[in-house]
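*Asks:* coordinates only, sequence not included:
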């Protein structure tokens, strides 16, 4: 979100759109730049999985998850991070206020997802 809403906050969006007359090119460039979030998602996964597996191994437990499953999780984390980064760039363009965009994301993550999650009882085997 900061990629897009930061331009409106610092009043550089006008210069960006004057330099490139096509708004879709600007949004695609911001989405590609934000899509680099896939790299950060993959790095985060590697660090978290490494720390978790090291902790489990230090306690002497056996990990029953195979290599293919771990690879699928890594791809899922990278794709999820890229999609969320692109969605954030789009939301930052729609919601021009940096403060409102960040507050909206926190309200969504903390309040709305908790309410919706509590509406449905978890299914347990």
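*Replies:* Cool, the structure landed. Bear in mind that the values here come from a model prediction, so they are computed numbers and not experimental data.

*Asks:* Show me what counts as buried in stretch 95-105.
*Replies:* Judged by neighbour count (16 or more other Cβ atoms under 10 Å), stretch 95-105 contains these buried residues: 95, 98, 101, 102, 105. For the C-beta atoms, the positions are set from N, CA and C on the backbone; glycine is no exception.

*Asks:* same question, stretch 25-33
*Replies:* 26, 30, 31.

*Asks:* I'd like those residues written out as TSV, with distance to residue 45, secondary structure and pLDDT added.
*Replies:* Listed next are the buried residues of stretch 25-33 as TSV, based on distance: Cβ to Cβ, whole Å; DSSP: H, G, I helix; E, B strand; the rest coil; pLDDT from 0 to 100:
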residue	distance to residue 45	secondary structure	pLDDT
26	30	helix	80
30	24	helix	78
31	22	helix	76
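
*Asks:* what's the spacing between residue 56 and residue 80?
*Replies:* 23 Å (Cβ to Cβ, to the nearest Å).

*Asks:* Residue 90 now?
*Replies:* 16 Å.

*Asks:* and if you look at residue 23?
*Replies:* 27 Å.

*Asks:* just residue 1 next, same as before
*Replies:* Residue 1 is 16 Å from residue 80, by Cβ to Cβ.

*Asks:* the more surrounded of the two?
*Replies:* residue 1 (22 against 14; other Cβ atoms under 10 Å).

*Asks:* which secondary structure element contains residue 74?
*Replies:* Under the criterion of DSSP states H and E, residue 74 resides in helix 67-94.

*Asks:* What residues of that helix count as buried?
*Replies:* 77, 78, 81, 82, 85, 86, 88, 89, 90, 91, 92, 93.

*Asks:* chain center to it: distance?
*Replies:* 6 Å (Cα atoms, centre = their mean, to the nearest Å).

*Asks:* start the count at 20, not 1, going forward
*Replies:* With the count now opening at 20, the last piece we talked about shows up as helix 86-113.

*Asks:* Point me to the residue sitting closest to the centre of this protein.
*Replies:* residue 103 (3.5 Å; Cα atoms, centre = their mean).

*Asks:* didn't that one look like it was pressed against residue 54?
*Replies:* No. Counting by Cβ atoms under 8 Å, residue 103 does not reach residue 54; the two are 10.1 Å apart.
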